[in-house]
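> Give me a 3D structure for the following:
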Amino acid sequence: MRPLALALMALLLAAVWLATPGFVSPAAAFGDRQDQVIRPSAPERKSIFDIFRVKPRRERKTIPATTTLTPKTTVENLSFPSLAKDSDAKVIVVFGDYLAEMLGHGLEEAFGDTPAIRVVSETSESAGLAGGDIAALTKRITETAAKENLSFAVLMIGANDMRKMKAADTTFEFGAEGWEDAYKTRLGAVVETLRGLGKPVYIVGMPPVADAELNAAFGRFNEFYREAAFTANARFVDVWTVFLDADGQFTRSGPDLEGNETQLRWRDGIRFTKAGRRKLAHYVEREIRRDAGLVRGLAARLDGGAFAAPSLYTGPWADRPPVGPVISLTSPQVALDDQLLGDGEQKKPREDTPQYQFVVLGEPLQPPAGRVDDFKWPQADAATVDALPKPAPTDAAPDTAD
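Numbers count the residues shown, from 1 in each chain. Okay, here's the model as predicted:
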């Protein structure tokens, strides 16, 4: 058996050798001329073990270095429907930095359906209280208020104020001793200029941001703004908590005004998307509408304006108004005069009534004798108690025994 196995192995190796490319038979290698040698065409011989070798993977084609890829960019559509404004419309002027500019966009959308309100943004990308000339800023506020016939002043500033500040001949580094006092002085000058216009002033606080250091600074700024608003009898609009998640942490997304989860902030963790601007403006809009006594939507224009409804009646009642008295469930009702309820002449009760004794004289009412709250001493005698009316006797219970 052993010689047979060796013979079969030899035959197998010979077969593989003959099948290998590059093998040249003697007849082909040496033709008629025995001195001519033909070299094999294959560069190297392959053995039976080459069958199990793994071929190298093909290299992927790479993009030449000179080729540039342009990323796809999405431009947010900030347009919104808006009605034409009345010639005597009240004017809201927004002052501040780039966050105030976004607030102005949100207010324009918020009051887009209100012809009686017009929004003007007097903002600058790099505006701030720590840098620049405060005298120039207050002058611009006064000139803009006169030019636009300002009715409501909104201030949102501070996004650019994490910097050194020069006051008089001294330069204060941000966070150093004296910086806060100098900053409060400048803030007070601006707020006093706004209050000097004789119109309502709304100071909008800073929102939370993604950067921890900037977030801490904005929180500190809000304390300054709240104090300045209280001192100047202005209204402080706090928007800090409305842009936090359930755990009180910064979040780029959250519910919009309709309760839908959406993105409110840009990737930089500071600026607002369109939905974020509208949500930011909502809290200022709410205060202005409350102070101005405005009613949103159809009820605000039932006097024949742009929102007046067509007549839905025919026949003898066609001249009746299409809608009856409208009572807003969200906006406060504003009285037509300055008289409070109950301020008119009141009819006094008669002197011989318990009402007169209790309300006018302030004397307590005497309880009936024998009642549980009758604390007179000595107690009434038995005859008096027996004379008190007694409840009518009830019929005996029916006999239920078998």
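> what's the closest non-adjacent residue to Asn233?
Leaving aside its chain neighbours, Asn233 sits nearest to Arg195 (7.1 Å; criterion: CB to CB, 6 or more residues apart in numbering). Heads up, the C-betas are built off the backbone N, CA and C, glycines and all.
> can you check Ala167 too?
The shortest distance from Ala167 to any non-neighbouring residue, by CB to CB, 6+ apart, is to Ala182 (4.1 Å).
> can you pull the contacts of the one you found?
By CB atoms under 8 Å, 6 or more residues apart in numbering, Ala182 lies in contact with 165, 167, 172.
> Leaving out sequence neighbours, find the closest residue to Lys184.
What sits nearest to Lys184 in space, not counting adjacent residues and going by CB to CB, 6+ apart, is Phe224, at 5.8 Å.
> Confirm that the one you found sits in a strand.
No: counting by DSSP: H, G, I helix; E, B strand; the rest coil, Phe224 is not found in a strand; it is helix.
> Just give me the neighbour total for it.
By other CB atoms under 10 Å, the residues close to Phe224 number 19.
> got it, and Leu155?
Around Leu155 there are 26 residues (other CB under 10 Å).
> roughly how far apart are it and Ala100?
Look at Leu155 and Ala100: by CB to CB, to the nearest Å, they are 8 Å apart.
> quick one, helices of the stretch 101-250 of the chain?
For the stretch 101-250 of the chain, helices defined by DSSP state H, counting those that start in this stretch occupy the ranges 134-148, 179-195, 212-231.
> Go through these and pick out the most buried.
Mean neighbour count (mean count of other CB atoms under 10 Å) peaks for helix 179-195 among the helices of the stretch 101-250 of the chain, with a mean of 18.
> now the angle between helix 134-148 and that one, please.
Per axes from the mean of the first three to the mean of the last three CA atoms, to 10 degrees, the angle that helix 179-195 makes with helix 134-148 is 20 degrees.
> Next, the angle from helix 179-195 to helix 212-231.
Calculated by the same axes, to 10 degrees, helix 179-195 forms an angle of 50 degrees with helix 212-231.
> Out of the helices of the stretch 101-250 of the chain, which is closest to Arg267?
Relative to Arg267, the nearest member of the helices of the stretch 101-250 of the chain by CB to CB is helix 212-231, separated by 15.0 Å.
> which other helices and strands contact the closest one?
In terms of contacts (3 or more CB pairs under 8 Å, 6 or more residues apart in numbering; DSSP states H and E), helix 212-231 is packed against helix 179-195, strand 201-204, strand 235-237.
> anything in contact with each of Leu155 and Ala100?
Common neighbours of Leu155 and Ala100 (CB under 8 Å, 6+ apart) are 94, 204.
> check contacts around the closest residue in space to Ala110 that isn't next to it in sequence.
Nearest non-adjacent residue to Ala110, counting by CB to CB, 6+ apart: Glu285, 4.2 Å away. With contact set as CB under 8 Å, 6+ apart, Glu285 has these partners: 107, 110-111.
> and of those residues, the nearest to Arg220?
Leu107 (26.0 Å).
> pLDDT score for the closest one?
On the pLDDT scale, Leu107 is placed at 95.
> what about it, neighbour count?
Leu107, neighbours per other CB under 10 Å, totals 26.
> surely it meets Tyr283?
No: using CB atoms under 8 Å, Leu107 is not in contact with Tyr283, being 10.7 Å away.
> and Glu101, what is it in contact with?
Applying CB under 8 Å, 6+ apart to Glu101 gives the contacts 94, 121, 123, 125.
> Actually, Asn222.
By CB under 8 Å, 6+ apart, the contact set of Asn222 is 205-206, 238, 240.
> Next: Tyr202.
The neighbours of Tyr202, taking CB under 8 Å, 6+ apart as the test, are 152-155, 234-237, 284, 287-288.
> And the strands in the chain?
Using DSSP state E, the strands found in the chain span residues 90-96, 117-123, 150-156, 165-167, 170-172, 201-204, 235-237, 253-255, 261-263.
> Identify whichever of those lies nearest to Phe358.
Shortest distance between Phe358 and the strands of the chain, using CB to CB, is found for strand 235-237: 42.2 Å.
> okay, now Ala116: neighbour count?
A total of 16 residues lie near Ala116 under the criterion other CB under 10 Å.
> If you rank the contacts of Ala182 by neighbours, which is first?
Met165 (21 neighbours).
> Could you measure from it over to Leu83?
With distances taken as CB to CB, Met165 is found 43 Å from Leu83.
> Would you check how far apart Ser124 and Asp88 are?
Ser124 sits 29 Å away from Asp88, going by CB to CB.
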